[in-house]
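Participant: predicted model, plus sequence, below.
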Amino acid sequence: DLRMSRGLGDVYKRQAVMDKVSFDSLSLKNQSTHTLNSSQVGDSWAFYDSHSLVLSNSSFFEINDTFPHKGVLGLGGRITNEGTDSDSSQFDGSFIILESLRDNGIIESLSYSLWLGGDTRPYYDMGRDVPDEIDCGKLIFGGVDPYYYTGSLKKFNNLIFQDSKTKMFSRGYPVLPMGTINVVSSTGKSINVTNENFLAPVLLDSTYSFSHLPAETIVQIAVQINAIYVSEIDRFVVSCKIADMGVTIQFEFGDLSINVPLTDFLMSTYNTDLNSTMSFSGGDEACFLTIVSSEETGFNIPVSYTHL
């Protein structure tokens, strides 16, 4: 039974266990139905049919005391961080689910695609008590599906990550070089809210619902959309009417531009205890801006579709 810290000081009490891992609601591409028995983990096995996948002897951590209330499926690469709990040299392949899939012949490469565009709830439902069982996305092991993206795929090399405490380097995290950030109006007018030569490492993180960006960039975005900072709740709020104005936020990654509707960065201010939302003095309903400072966490943005 060990304790480890992650992110903003979240403390986890963890215990390593081994069990079967099952994936339901599965569809197969270019595969036949059979049982495979070859593996680097002794007598481990994998079985899949047209609807499910089961991996035996899969190791994971059973967490019973943590701030997040949901489980996490770790799909990242191996991490080099000697002297810490996250150093992958302490764990065999049974802890690395992509390696288990490859060793059992399910996939050929240690890769996956993640599409989260299925969560089509409107912004005014974000932050409310909505059932978690909505079909929000797809996870694809070992390949990509052109149905879930448009245009051509772009390849980026992961940037080297340095742990601020141990000073160790690793390429195990999906950290990419992000360029300028622009606010684009419905007419196509674009305002750079960073600077002309802006370039920074950013972590693609599907576990976050908030984007963490430089404080000065958030202020510039707020200026462009007339958002105000409320110190009592440490959040920026903006009139929900802006959701109908066709504004987008554009992220530059090399020669790739990703335009995200501003509505994807809005969340309802609904308070369950008061059964009401916040409003401005003029009567407009207020929405939270789901962009917060990267001062403590570093830059990260939630992903909609990615292949790693």
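Facilitator: Received the coordinates, thanks. Keep in mind that this is a model prediction, so the values were computed, not measured.
Participant: so where is the stretch 151-300 of the chain shaky, pLDDT-wise?
Facilitator: The model of the stretch 151-300 of the chain has pLDDT under 70 over residues 296-300.
Participant: can you give me the helices in it?
Facilitator: Using DSSP state H, counting those that start in this stretch, the helices of the stretch 151-300 of the chain run over residues 215-225.
Participant: distance check, the residue nearest to the spatial centre of the chain against residue 159.
Facilitator: The chain has residue 206 as the residue nearest its centroid, 1.2 Å off, counting by Cα atoms, centre = their mean. Separation of residue 206 from residue 159 (Cβ to Cβ, to the nearest Å): 18 Å. The way it works is simple: take the backbone N, C-alpha and C, and place the C-beta from them, glycine included.
Participant: how about residue 232?
Facilitator: 37 Å.
Participant: which one of those two has more residues nearby?
Facilitator: Neighbours per residue (other Cβ atoms under 10 Å) separate residue 232 from residue 159, with residue 159 holding more: 15 against 5.
Participant: list the contacts of the closest residue to the more buried one other than its chain neighbours.
Facilitator: Leaving aside its chain neighbours, residue 159 sits nearest to residue 175 (4.4 Å; criterion: Cβ to Cβ, 6 or more residues apart in numbering). Each residue near residue 175 by Cβ atoms under 8 Å, 6 or more residues apart in numbering is listed here: 158, 159, 160, 161, 201, 202, 203, 204.
Participant: how about residue 244?
Facilitator: By Cβ under 8 Å, 6+ apart, the contact set of residue 244 is empty.
Participant: what about 10 Å?
Facilitator: Contacts for residue 244 (Cβ atoms under 10 Å, 6 or more residues apart in numbering) come out as 186, 263.
Participant: for residue 200, give its distance to residue 159.
Facilitator: When residue 200 is compared with residue 159 (using Cβ to Cβ), they lie 10 Å apart.
Participant: joint contacts of those two?
Facilitator: Common neighbours of residue 200 and residue 159, using Cβ under 10 Å, 6+ apart, are 176, 177.
Participant: isn't residue 123 right next to residue 241, touching?
Facilitator: No - the criterion here is Cβ atoms under 10 Å, and residue 123 misses it with residue 241 at 11.5 Å.
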